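Visitor: need the 3D shape of this:
(one chain, ligands or ions: 1)
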Amino acid sequence: MTTPSAQPVRTRYAPSPTGPQHIGGIRSALFAWLYARRHGGQFILRIEDTDRKRSIPGSVEMILGAFDWLGIDIDEGPREGGAYGPYVQSERLELYQTWAKWLVENGFAYKCYATAQELAEMRKAGGGYDRRYRDASNAEINKLEARGAPYVVRFKMPLTGSTIGADMIRGEVEFANEQLQDAVLLKSDGYPTYHLAHIVDDHFMKISHITRAVEWLPSFPLHIRIWNALGWAKPQFAHLPVLLNPNGKGKLSKRKEQFAGADGKSVPVLAQEFIDAGYLPAAVLNFLSNIGWNFGDDKEIFTTAQAIKRFDLRDVNPANSAYPIAKLDWLNSQYIQRADAAQLCRLLKPILEEAGYAVDETRLARAAPLLQVRLKSTRDVVPMAGFFFADWALFEAPPADILVQRKMDGEGTAGILRGSIPVLQGLDSFEHDTQYAAMQDYAKAIGYKNGQVFGTLRAAVSGQKVSPPTFETMEILGKEESLRRIKLALQSLAPA
Ligand code: GLU
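Guide: Model prediction:
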């Protein structure tokens with residue numbers, strides 16, 4: 001056990017509502033959540049919507065949808081409420097304005113009246129903001145105020161020396177102050193920037209640990225100085241590594257079409273894509289917690305409850321990780337294999353129904369053990385096992401290229417199918433072992449390999465190149481339906 005801090009642990013995820021939830025954000029949220037749960041603390045969702053141009057309606061619902069799906073429960077937030085709300089920044093503007101004013105009045109910040117044109121000129125000259133209003137005289141300021149000139153509030157960053165920040169993942173990080181600008185805290189429309197807003201909120205929401213993407217590390221010294229100026233006790237900080245594209249180059253982007261998974265499918269990046277692709281939430285949680293953190297003991301498969309018992313922000317690897325997408329399919333198949341058969345059926349039924357199949361539950365329950373060891377994602381049930389539920393009226397004869405196995409021709413295939421009909425017909429039991437024994441003898445008698453005969457039958461009854469094993473499949477379909485499908489398949493092959 002790590003020693004819990006004296007202060008109750010309160011972590012937060014503070015996304016900007018800029019559209020569908022990206023998996024990188026969920027991974028950050030997951031680490032904050034695991035840490036809070038480990039210490040019996042609270043996990044808070046706060047919506048940072050102060051950049052009005054970038055806010056997209058519906059984003060909060062998408063974030064909540066993703067969390068609900070994964071089972072990341074939120075203690076306080078816009079939906080849950082809580083003692084430190086509101087949890088949406090645009091509803092807290094007065095608070096930020098109060099503290100911006102306090103910083104100005106106490107000499108830690110100043111009003112800057114630079115016009116858009118002045119700023120453009122400074123940019124053109126190559127430097128950043130030249131601090132021209134930092135030391136403006138009272139007379140000058142009074143004049144500007146008198147004519148109601150618009151202003152922003154900027155923080156007075158020390159011009160020399162350095163600032164040291166303590167990070168739980170990276171240790172102490174030192175920054176030269178001269179490299180930092182006098183950042184804007186409050187914009188001319190009265191909206192705060194991230195720099196001011198998150199500090200005011202993290203203080204008043206009693207956040208104990210700030211976990212956020214490493215992209216915020218360069219502004220860490222600015223934040224430390226603002227905390228110090230306000231005189232508030234700082235929380236602990238953990239700048240989390242980010243996910244890189246699967247080839248290790250560049251931050252994982254939403255435009256990831258160029259990266260195909262092992263099976264050629266595009267790589268899921270948005271929460272909704274994981275849901276649509278049929279992954280199990282438990283597998284996704286396992287997958288995400290294993291990126292940049294590991295359970296230890298070389299254990300790749302672990303439950304969230306087990307992760308909670310071990311998780312520590314201090315053990316997060318500071319290096320950014322390439323998105324190990326190949327692991328997801330493997331992990332998911334492991335979770336499918338371990339799933340309780342009844343639970344698996346509950347997951348598969350709606351997917352099959354959505355694809356237009358009328359699902360016979362008894363048949364699905366019988367097929368489940370065959371599928372459980374073969375599915376990489378629950379969505380694969382449609383191409384893998386839809387044929388079990390195909391409406392006879394709509395079931396078409398599989399085309400010859402599916403039926404004709406390697407090193408076979410149409411005539412031989414038709415011969416196998418025709419000859420197998422009376423053999424199967426004559427069986428008293430249609431149990432798969434009985435079928436197997438009979439068809440093995442049959443193959444021997446006609447001089448074909450087992451694989452050729454079994455493969456031909458499998459293609460005939462499933463209409464697919466890939467499907468569960470032949471005799472188990474036929475046992476589930478039953479004798480009558482299997483024979484009906486075999487006879488139908490003959491129609492695709494040239495008449496003898
Ligand atoms: N709104 C910020 C972002 O989305 C939050 C950073 C933080 O967690 O403090 O990057």
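
Visitor: CA atoms for contacts and neighbours, from now on please.
Guide: Fine.

Visitor: how many residues are close by the closest residue to residue 251 other than its chain neighbours?
Guide: Distances taken as C-alpha to C-alpha, 6 or more residues apart in numbering place residue 244 nearest to residue 251, at 4.2 Å, with adjacent residues excluded. Residue 244 has 18 neighbouring residues, counting by other C-alpha atoms under 10 Å.

Visitor: who's residue 244 bridged to?
Guide: For residue 244, the beta-bridge partners are residue 251, residue 322 (DSSP bridges).

Visitor: which residues does it contact?
Guide: By C-alpha atoms under 8 Å, 6 or more residues apart in numbering, the residues touching residue 244 are 250-252, 320-323.

Visitor: which stretches of the stretch 101-250 of the chain have low pLDDT?
Guide: Applying pLDDT under 70 to the stretch 101-250 of the chain flags no residue at all.

Visitor: now the residue in it positioned nearest to the ligand, what's its secondary structure?
Guide: Of all residues in the stretch 101-250 of the chain, the one sitting closest to the ligand is residue 212 (4.3 Å; C-alpha to the nearest ligand atom). What DSSP: H, G, I helix; E, B strand; the rest coil gives for residue 212 is strand.

Visitor: isn't it up against residue 26?
Guide: No. Assessed by C-alpha atoms under 8 Å, residue 212 is found out of contact with residue 26, at 11.2 Å.

Visitor: if we can go back for a sec, the contacts of residue 244, buried ones only, as a PyMOL selection?
Guide: Selection of buried members from the contacts of residue 244 for PyMOL, criterion 16 or more other C-alpha atoms under 10 Å:
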select buried, resi 251+252+320+321+322+323
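
Visitor: and residue 40, how far from the ligand?
Guide: According to C-alpha to the nearest ligand atom, to the nearest Å, residue 40 and the ligand sit 21 Å apart.

Visitor: report the secondary structure state of that residue.
Guide: coil.

Visitor: OK, contacts around it?
Guide: The contact partners of residue 40, by C-alpha under 8 Å, 6+ apart, come to residue 9.

Visitor: residue 151 too?
Guide: 111-114, 187-188.

Visitor: now do residue 224
Guide: So residue 224 contacts 163, 165, 234 (C-alpha under 8 Å, 6+ apart).

Visitor: enumerate every residue touching the second one.
Guide: Applying C-alpha under 8 Å, 6+ apart, one finds that residue 165 lies in contact with 172-174, 220-221, 224.

Visitor: with residue 406 instead?
Guide: residue 452.

Visitor: so what does it look like in phi/psi?
Guide: The phi/psi pair for residue 406 (degrees, to the nearest 10) reads phi -60, psi 140.

Visitor: ok, it to residue 384 distance?
Guide: As judged by C-alpha to C-alpha, to the nearest Å, residue 406 and residue 384 stand 21 Å apart.

Visitor: picking that back up, which of the contacts of residue 224 are close to the ligand?
Guide: Near the ligand, taking C-alpha under 6 Å from any ligand atom as the test, no member of the contacts of residue 224 is found.

Visitor: can you show me the strands along the stretch 351-496 of the chain?
Guide: Using DSSP state E, counting those that start in this stretch, the stretch 351-496 of the chain contains no strands.

Visitor: which residues of it score low on pLDDT?
Guide: Residue ranges of the stretch 351-496 of the chain with pLDDT under 70: 494-496.

Visitor: nearest to the ligand within it, name that residue for me.
Guide: Per C-alpha to the nearest ligand atom, residue 377 is where the stretch 351-496 of the chain lies closest to the ligand, at 30.3 Å.

Visitor: that residue contacts residue 275, correct?
Guide: No. Using C-alpha under 8 Å, residue 377 makes no contact with residue 275, being 10.4 Å away.

Visitor: what about the two, which has more around it?
Guide: Neighbour totals were compared for residue 377 and residue 275, and residue 377 leads with 21 against 17 (other C-alpha under 10 Å).

Visitor: spell out which parts of this protein neighbour the ligand.
Guide: Contact residues, the chain versus the ligand (C-alpha under 6 Å from any ligand atom): 13-16, 48, 212.

Visitor: one more time with 8 Å, if that's ok
Guide: Listed as neighbours of the ligand in the chain under the rule C-alpha under 8 Å from any ligand atom: 12-16, 25, 47-49, 194, 198, 210-213, 216.

Visitor: which of those residues fall in helices?
Guide: Judged by DSSP state H, helices contain the following of the residues of the chain next to the ligand: 25, 194, 198.

Visitor: and the last one, how many neighbours?
Guide: Close neighbours of residue 198, defined as other C-alpha under 10 Å, add up to 20.

Visitor: and for the first one?
Guide: When counting by other C-alpha under 10 Å, one arrives at 19 neighbours for residue 25.

Visitor: just to revisit the earlier point, please identify which of the contacts of residue 224 is nearest to residue 101.
Guide: Using C-alpha to C-alpha, residue 234 comes nearest to residue 101 of the contacts of residue 224, at 20.5 Å.

Visitor: contacting residues for that closest one?
Guide: Contacts of residue 234 (C-alpha under 8 Å, 6+ apart): 203, 224, 227.

Visitor: that older thread, just the buried members of the contacts of residue 165?
Guide: Neighbour-count burial (16+ other C-alpha under 10 Å) applied to those gives 220-221, 224.

Visitor: could you dump the residues you listed to TSV with secondary structure?
Guide: Below are these laid out as TSV (three-state DSSP):
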residue	secondary structure
220	helix
221	helix
224	helix
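
Visitor: tell me the one of these nearest residue 294?
Guide: Looking across these and measuring by C-alpha to C-alpha, the closest to residue 294 is residue 220, at 26.2 Å.

Visitor: now the spatially closest residue to that closest one that is not a sequence neighbour: which helix or strand?
Guide: The spatial neighbour of residue 220 that comes closest, neighbours along the chain excluded (C-alpha to C-alpha, 6+ apart), is residue 165 at 7.1 Å. For residue 165, the host element (DSSP states H and E) is strand 162-167.

Visitor: list the buried residues for that strand?
Guide: 163, 165, 167.

Visitor: repeat for stretch 95-113
Guide: So, applying 16+ other C-alpha under 10 Å, buried residues of stretch 95-113: 95-97, 99-101, 103-104, 108-113.

Visitor: can I get those in a markdown table with distance to residue 140?
Guide: Compiled in a markdown table, the buried residues of stretch 95-113 are given as follows (distance: C-alpha to C-alpha, whole Å):
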| residue | distance to residue 140 |
| --- | --- |
| 95 | 28 |
| 96 | 26 |
| 97 | 23 |
| 99 | 24 |
| 100 | 21 |
| 101 | 19 |
| 103 | 20 |
| 104 | 16 |
| 108 | 19 |
| 109 | 17 |
| 110 | 13 |
| 111 | 12 |
| 112 | 11 |
| 113 | 11 |
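
Visitor: kindly export stretch 137-151 (C-alpha atoms) in PDB.
Guide: In PDB, the C-alpha atoms belonging to stretch 137-151 read as follows (Å, rounded to 0.1, in the frame of the first residue of the first chain):
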ATOM      1  CA  SER A 137       1.700  53.900 -15.700                       C
ATOM      2  CA  ASN A 138      -1.500  54.700 -13.800                       C
ATOM      3  CA  ALA A 139      -2.100  57.700 -16.000                       C
ATOM      4  CA  GLU A 140      -2.000  55.600 -19.100                       C
ATOM      5  CA  ILE A 141      -4.300  53.000 -17.600                       C
ATOM      6  CA  ASN A 142      -6.800  55.600 -16.400                       C
ATOM      7  CA  LYS A 143      -6.900  57.000 -19.900                       C
ATOM      8  CA  LEU A 144      -7.600  53.600 -21.500                       C
ATOM      9  CA  GLU A 145     -10.200  52.800 -18.800                       C
ATOM     10  CA  ALA A 146     -11.900  56.100 -19.300                       C
ATOM     11  CA  ARG A 147     -12.600  55.300 -22.900                       C
ATOM     12  CA  GLY A 148     -13.700  51.800 -22.100                       C
ATOM     13  CA  ALA A 149     -10.800  50.100 -23.900                       C
ATOM     14  CA  PRO A 150     -11.200  46.300 -23.900                       C
ATOM     15  CA  TYR A 151      -8.600  44.400 -22.000                       C
END
